[in-house]
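> Sequence and predicted structure, then a few things I'm wondering about:
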Amino acid sequence: MKKILIPAFMALMVFASFGAQAQTRSPVGAQVGDIEAMRELMRGFKPNGQAGLSRLVQDEAQQFCSDPGWTRDKARISAIEKQQLADVKFPADGKFLGNWQAGERVAQSGVGKQFSDNPGQPSGANCYACHQLTPQELSFGTIGPSLRNYGKTRGNTEAIQRYTYAKIYNSRAYSVCSNMPRFGHSDILTEQQIKDVVALLLDPESPVNK
């Protein structure tokens, strides 16, 4: 399995590099070899299950973070973060809290956006892969900070609800090269699912805050 996945991963990285070059060059300056390589790579990938082709194309933020010297461009960091925040689609009803029990199911589900996933089934957030949520969890990732007592330490004001919703919707609005998936921006979670995860983090009755 590893022998199959590694070349596929490398192909994706090469494509991302070509994609960034193609979007920053003028058509006249683009090299024919680059364009042909991109076309060949595109022919090698087909949408399957929940895995589409949109992930192969880098947007401005992804292109910026592909540059190893991105940390030096403070002005661009600020500009991209502001744009990412402006692109957040907040709930039309003005309500940020859903049902924490439903949010717990979303947070604990690792299903979604893979070729083997049923397109008719909702995606999960896979939160436990990067964060600790409750003291009862026996296994959790440490890439992201612990979320234990998230609401207990921050409160449950409208400002905190709004911030938490936006952070889940598009983490790059607050940290331009964040490793956290942009759950709303990338259509991984629905508006209601994000509301439910916000409730999981902020509701006093949630196990996160016990």
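Now that the structure is in, tell me what you want to look at.

> Could you measure from residue 125 over to residue 178?
15 Å (C-beta to C-beta, to the nearest Å). Bear in mind the C-beta positions are built from the backbone N, C-alpha and C, glycine included.

> So these two - more neighbours on which side?
residue 125 (27 against 18; other C-beta atoms under 10 Å).

> Tell me how this structure divides into domains.
Annotated domains of the chain cover 2-72, 100-209 [automatic domain parsing].

> mind putting these in TSV, distance to residue 90 and mean pLDDT included?
Formatted as TSV, these follow (distance: least, C-beta to C-beta, whole Å; pLDDT from 0 to 100):
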stretch	distance to residue 90	mean pLDDT
domain 2-72	19	62
domain 100-209	7	93
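
> Between those domains, which one is closest to residue 92.
Ranking these by their distance to residue 92 (criterion: C-beta to C-beta) puts domain 100-209 first, at 8.7 Å.

> any idea which of the domains of the chain is most buried?
When you average the neighbours per residue for each of the domains of the chain (mean count of other C-beta atoms under 10 Å), domain 100-209 leads with a mean of 18.

> end-to-end on it?
Terminal residues of domain 100-209 lie 11 Å apart, using C-alpha to C-alpha, to the nearest Å.

> Equivalent analysis for stretch 140-150, please.
So stretch 140-150: terminal residues 16 Å apart, C-alpha to C-alpha.

> end-to-end on stretch 126-143?
13 Å.

> Quick one, which of the domains of the chain gets closest to residue 94.
Of all those, domain 100-209 comes closest under C-beta to C-beta, at 8.9 Å.

> For the closest one, what is the distance to the chain centroid?
Computed by C-alpha atoms, centre = their mean, to the nearest Å, the separation of domain 100-209 from the middle of its chain amounts to 10 Å.

> Residue 121 is in contact with residue 109, isn't it?
No - in this structure residue 121 lies outside contact range of residue 109 using C-beta atoms under 8 Å: 9.7 Å.

> Geometric centre of this protein: which residue is closest?
residue 181 (1.5 Å; C-alpha atoms, centre = their mean).

> Look up the closest residue to that residue, ignoring the ones flanking it.
Excluding the flanking residues, the one nearest residue 181 by C-beta to C-beta, 6 or more residues apart in numbering is residue 188, at 5.9 Å.

> In three-state terms, how would that neighbour be classified?
coil (DSSP: H, G, I helix; E, B strand; the rest coil).

> Do I have it right that it meets residue 126?
No - checked against C-beta under 8 Å, the pair residue 188 and residue 126 is beyond contact range at 9.3 Å.
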